[in-house]
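**Q** dropping a prediction and its sequence here:
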Amino acid sequence: MVKRGTRMMLSSLAVIAAGWITGCSEQQEPARQEAATEKATDKAAEVVVYSSRKEHLVKPLFDRFKDETGIKVTYITDGEGPLMARLEAEAERTPADMFITVDAGNLWQAANMGLLQPVQSEVLEANIPDQYQDPENRWFGLSVRARTIVYSTERVQPEQLSTYENLSTEEWDGRLCLRTSKKVYNQSLVATLIERHGEQRTEDIVKGWVDNLATDVFPNDTSLMEAIAAGQCDVGIVNTYYFGRLQKENPDIPLALFWPNQQSSGVHVNISGAGITRHAKHPQAARQLLEWLAQGEAQAMFGGLNMEYPVNPDVAVDELVQSWGTFKADDLNVEVAGRRQVEAIKLMDRAGYR
Ligand code: FE
């Protein structure tokens with residue numbers, strides 16, 4: 001089996017691999033499979049989406065979907081917490097057919113709360129690598145985000161960097177900046193460290209990070225990078241699209257990305273993605289939207305609008321994103337972010353990571 005992590009480097013191999021990866025635990029659901037072959041030709045059809053992904057990242061896609069299929073997408077955007085609470089409160093009365101959010105930790109949470117229904121789809125299986133979808137098919141990744149090391153090009157040589165774990169060593173004493181542990185992105189990163197190293201070693205690593213902090217944790221990745229550029233610290237851990245936004249505003253910013261763990265576990269990756277709600281009123285049209293988002297131009301747009309990586313290895317990566325180079329990604333299934341989230345939160349608390 002081709003390691004999923006090599007996909008950023010060897011897209012042609014990954015294309016082949018994508019064809020192989022169809023083996024999800026599938027329960028037979030004849031009724032739903034039959035429905036899959038139906039074409040939603042009803043011009044009155046619509047899909048209602050609850051999205052924690054911001055409007056400017058989803059609206060262009062919904063408009064295009066309407067143009068191509070005649071199916072109207074109605075949506076609201078809000079934080080993932082309020083949207084999940086709303087879905088839970090509305091229960092079978094919900095108008096929502098689809099839930100879109102970022103981070104496998106959140107998607108896992110929604111599935112765990114019983115808010116999503118499994119979808120058996122050959123299209124989704126063929127276009128979305130196994131590692132980026134729920135083993136029970138209740139949610140599917142639509143873009144991949146890398147959480148990697150960012151460093152000051154003025155005070156750090158890339159040769160000094162190696163792994164996330166290495167940022168806990170004395171070499172980085174007083175030089176590290178981190179975003180708050182309250183953010184799900186860091187909870188997911190720590191969840192994968194626990195999966196790899198176990199609790200004790202991970203706690204030592206996280207304690208080491210905390211000991212190395214140059215200053216208080218930051219509320220977001222952008223303020224963290226601005227602190228590095230301003231000389232407050234030398235290295236940090238961020239999602240690459242935030243670096244992309246900063247780079248677009250200020251091409252001369254003295255920061256660069258580093259791809260850690262290339263000799264070991266690979267770069268920590270996560271997804272944004274979607275699932276069809278348990279009480280969807282338009283499950284067929286919602287399924288059509290989900291499958292449409294997983295392929296072709298829509299796939300390129302979904303990742304590209306936010307400078308992320310397409311989840312579909314057949315789809316080209318945005319140009320600026322390409323300029324950051326290729327890397328080996330962690331090949332764990334991203335569901336670990338949800339499965340170990342509570343452990344991760346408790347561990348970060350014990351380690352003094354605020
Ligand atoms: Fe984000």
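**A** Sure thing, it's come through.

**Q** backbone phi and psi for the closest residue in space to Pro219 that isn't next to it in sequence, please?
**A** Spatially, and ignoring its direct neighbours in sequence, Pro219 is nearest to Thr180 (6.2 Å; C-beta to C-beta, 6 or more residues apart in numbering). Where you see a C-beta, it was placed from the backbone N, CA and C, and this is true even at glycine. Here is the backbone geometry of Thr180 (degrees, to the nearest 10): phi -50, psi 150.

**Q** for Gly307, give me its contacts.
**A** If you look again at residue 307, you'll see it is Met, not Gly. The neighbours of Met307, taking C-beta atoms under 8 Å, 6 or more residues apart in numbering as the test, are Thr240, Tyr241, Gly244, Arg245, Asp318, Leu320, Val321.

**Q** nearest to Glu80, of the residues you listed?
**A** Tyr241 (17.3 Å; C-beta to C-beta).

**Q** so the closest one: helix, strand or coil?
**A** Under DSSP: H, G, I helix; E, B strand; the rest coil, Tyr241 falls in the helix class.

**Q** return the per-residue confidence for it.
**A** If you check Tyr241, the pLDDT there is 98.

**Q** Leu305 is in contact with that one, correct?
**A** No: counting by C-beta atoms under 8 Å, Tyr241 stays clear of Leu305, with 9.8 Å between them.

**Q** correct me, but the residue nearest to Pro219 touches Phe218?
**A** Yes: using C-beta under 8 Å, Thr180 is in contact with Phe218, at 6.8 Å.

**Q** higher neighbour count, those two?
**A** Per other C-beta atoms under 10 Å, whichever of Thr180 and Phe218 has more neighbours is Phe218, with 21 against 16.

**Q** my read is Ile100 is in a strand, agree?
**A** Yes: assessed by three-state DSSP, Ile100 belongs to a strand.

**Q** burial measure for it, as a count.
**A** Applying other C-beta under 10 Å, we find 27 other residues in the vicinity of Ile100.

**Q** same question for Leu347.
**A** For Leu347, the count of nearby residues is 24 (other C-beta under 10 Å).

**Q** ok, now how distant is the residue nearest to Val102 when sequence neighbours are not counted from Ser51?
**A** Nearest residue to Val102 in three dimensions, chain neighbours excluded: Ser272, at 4.1 Å (C-beta to C-beta, 6+ apart). Distance from Ser272 to Ser51, counting by C-beta to C-beta, to the nearest Å: 10 Å.

**Q** so what sits against both of these two?
**A** By C-beta under 8 Å, 6+ apart, Ser272 and Ser51 have these common neighbours: Ile100, Thr101.

**Q** distance from the chain centre to the one helix or strand Ala89 maps to, please.
**A** Using DSSP states H and E, the element containing Ala89 is helix 80-90. Relative to its chain's centre, helix 80-90 lies at 20 Å (C-alpha atoms, centre = their mean, to the nearest Å).

**Q** ranges for the strands of this structure?
**A** Using DSSP state E, the strands of the chain run over residues 46-51, 72-77, 98-102, 116-117, 140-152, 176-177, 235-239, 255-258, 268-277, 309-310.

**Q** same list (those strands) but as CSV, adding distance to Ala214.
**A** As requested, those are exported to CSV (distance: least, C-beta to C-beta, whole Å):
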stretch, distance to Ala214
strand 46-51, 36
strand 72-77, 35
strand 98-102, 27
strand 116-117, 41
strand 140-152, 11
strand 176-177, 6
strand 235-239, 9
strand 255-258, 15
strand 268-277, 22
strand 309-310, 30
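
**Q** wait, which of those strands is closest to Asn212?
**A** Nearest of the strands of the chain to Asn212, taken as C-beta to C-beta: strand 176-177 at 4.2 Å.

**Q** who are the packing partners of the closest one?
**A** helix 221-229, strand 235-239 (3 or more C-beta pairs under 8 Å, 6 or more residues apart in numbering; DSSP states H and E).
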